[in-house]
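>>> Sequence first, then the predicted structure:
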Amino acid sequence: MKNFCLSLLIINTLLFSVNSLLSTAISPPINTIQQLENNSNSQLNFVTNEIQIIGDEILFSENLQNQLETEILEAQK
């Protein structure tokens, strides 16, 4: 009987934990959603400010071009 009660307690705890994780995953807090939106907007602004696609050509801003060249040179060392 003691083992049965202990098993029920463990199962109940596991179910509660799974339920908590699922409810958090399904409905994240509002501030988390706003952070994701802000991050997406800032990344989109970066792309539109630093990268332009004209036809088949991809143009980088001078700042981004310099960063890319620096990273390529460092990677080749």
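That came through fine. Numbers count the residues shown, from 1 in each chain.
>>> Please read off the pLDDT at residue 43 from the model.
Looking at residue 43, its pLDDT stands at 67.
>>> Kindly report the same for residue 2.
Residue 2 is assigned a predicted lDDT (pLDDT) of 60.
>>> try residue 28
pLDDT for residue 28: 59.
>>> swap in the one 5 residues further on?
Residue 33 is assigned a pLDDT of 72 by the prediction.
>>> Could you do residue 10 as well?
pLDDT, residue 10: 75.
>>> again, but for the one 3 residues further on
Looking at residue 13, its pLDDT reads 76.
>>> State the helix or strand in which it lies.
Applying DSSP states H and E as the criterion places residue 13 in helix 2-26.
>>> mean confidence score for the helix or strand encompassing residue 71?
Using DSSP H and E, residue 71 sits in helix 62-76. Average pLDDT, helix 62-76: 85.
>>> Please report phi then psi for the residue positioned nearest the centre of the chain.
Nearest to the geometric centre of the chain sits residue 36, at 7.7 Å (CA atoms, centre = their mean). Taking degrees, to the nearest 10, you get phi -60, psi -40 for the backbone angles of residue 36.
>>> measure it to residue 67 for me?
Between residue 36 and residue 67 the computed distance is 25 Å (CB to CB, to the nearest Å). C-beta here means a position set from N, CA and C on the backbone, and glycine is covered the same way.
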